[in-house]
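[1] Model the following, please.
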Amino acid sequence: MDLPLRLHGSERAPRLPIPSPGPIEHALGLGSAYGDEFLPIADRLRRITILDPSDSFSTDHVAGVPCRYVKPRTNGDMPFDRETFDLITCFGVLHHIANISHVMAECHRCLRPRGIFLVREPITSMGDWRRPRAGLTKRERGIPVKIFHEIIAKAGFRIRRRGFCVFPVITKLATAVGIAPFNHRSLTALDSIVSLAFSWNDRYHRTRVIEKFGPQALYFVLEKPASAC
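    Residues are numbered from 1 along each chain as shown. Predicted coordinates for the structure are as follows:
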């Protein structure tokens with residue numbers, strides 16, 4: 001029934017199930033840049049819309065699929081009619097946004113009943129934000145697991161699947177030898193197994209060494225119930 005995406009973790013998208021085989025009429029990518037996360041399912045897509053504030057990314061197609069870019073509104077509202085999309089993806093974007101709850105509610109509004117929302121976000125503080133952090137913005141921080149669940153429930157989504165991912169030891173070792181870990185099926189599978197084994201270690205502020213041996217991100221496969229209005 002489900003078709004897994006190949007990418008996982010920091011390379012854009014997790015190995016997640018998407019709607020049953022068949023065409024996907026319209027997909028939305030939040031902060032998707034060039035739309036690479038859609039490549040594994042491009043043969044099933046009819047149209048792609050990418051919501052991205054940057055002017056650096058622009059393409060009229062992704063692997064032959066028509067694509068258009070739309071800029072988000074500053075208040076978090078999405079400039080789309082309700083029930084516009086069959087699939088929405090959001091990988092590592094929400095934790096950059098001030099009002100996560102509002103954006104999640106907007107995704108629910110724009111998704112068609114039985115539509116799928118794939119989301120993956122960091123679940124740690126990502127260091128001490130009171131001080132400069134290399135490669136991170138001042139306000140960039142992960143979403144605590146409990147709060148993540150509360151936001152999802154409030155938005156009205158049903159959780160079809162969730163999983164921990166991005167185990168730091170695997171990513172660091174692979175990167176050190178020049179490997180993009182989540183573009184390899186074996187390393188992606190290993191990351192899933194180890195992240196599950198250490199899923200108990202989900203402390204938000206990880207200051208002790210033992211606390212750093214835990215998955216850094218959490219993914220969800222969310223569905224808008226058919227009864228949602």
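[2] Test of understanding: give the bridge partners of the closest residue to R158 other than its chain neighbours.
    Among residues not flanking R158 along the chain, E223 sits closest, at 4.8 Å (C-beta to C-beta, 6 or more residues apart in numbering). Placement of C-beta: from N, CA and C, glycine included. As for beta bridges, E223 partners with I116, R158 under DSSP bridges.
[3] In contact with E223, which residues are there?
    If you count contacts by C-beta atoms under 8 Å, 6 or more residues apart in numbering, E223 has them with 114-117, 157-160.
[4] from those, which would you call buried?
    115-117, 157 (16 or more other C-beta atoms under 10 Å).
[5] how about T175, phi and psi?
    Backbone torsions of T175, given as degrees, to the nearest 10, read phi -60, psi -40.
[6] Show the contacting residues for it.
    T175 makes contact with P181 under the criterion C-beta under 8 Å, 6+ apart.
[7] Relative to E211, how far out is it?
    Noted for T175: a distance of 21 Å to E211, by C-beta to C-beta, to the nearest Å.
[8] Distance of the residue nearest to R158 relative to R109?
    15 Å.
[9] ok, now K146?
    Distance check for K146 against R109: by C-beta to C-beta, it reads 24 Å.
[10] now V62
    In this view, V62 and R109 are 24 Å apart by C-beta to C-beta.
[11] Between these two, tell me which one has more neighbours.
    V62 (21 against 18; other C-beta atoms under 10 Å).
[12] excluding its backbone neighbours, what's nearest the more buried one?
    Leaving aside its sequence neighbours, V62 is closest to G35 (4.0 Å, by C-beta to C-beta, 6+ apart).
[13] Run a quick neighbour tally on that neighbour.
    Per other C-beta under 10 Å, the neighbour tally for G35 reads 25.
[14] which helices and strands sit right next to the longest helix anywhere in the chain?
    If you go by DSSP state H, the chain has its longest helix at helix 185-197. Applying 3 or more C-beta pairs under 8 Å, 6 or more residues apart in numbering; DSSP states H and E, one finds that helix 185-197 contacts strand 158-165, helix 168-176.
[15] Give me the distance between V177 and R206.
    Going from V177 to R206 by C-beta to C-beta gives 24 Å.
[16] For the two, work out which one has more neighbours and name it.
    Using other C-beta under 10 Å as the criterion, V177 and R206 rank with R206 on top: 19 against 7.
[17] Let me know whether that one touches T124 as I believe.
    Yes: using C-beta atoms under 8 Å, R206 is in contact with T124, at 5.7 Å.
[18] Helices along the chain, start to end?
    Remark: helices assigned in the chain by DSSP H are 100-110, 145-155, 168-176, 185-197.
[19] okay if I get the ones you listed as a markdown table plus distance to P72?
    Supplementary listing: these in a markdown table, determined by distance: least, C-beta to C-beta, whole Å:
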| stretch | distance to P72 |
| --- | --- |
| helix 100-110 | 9 |
| helix 145-155 | 17 |
| helix 168-176 | 29 |
| helix 185-197 | 30 |
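[20] okay, those helices in a markdown table with mean pLDDT next?
    Below are those laid out as a markdown table (pLDDT from 0 to 100):
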| stretch | mean pLDDT |
| --- | --- |
| helix 100-110 | 95 |
| helix 145-155 | 96 |
| helix 168-176 | 89 |
| helix 185-197 | 91 |
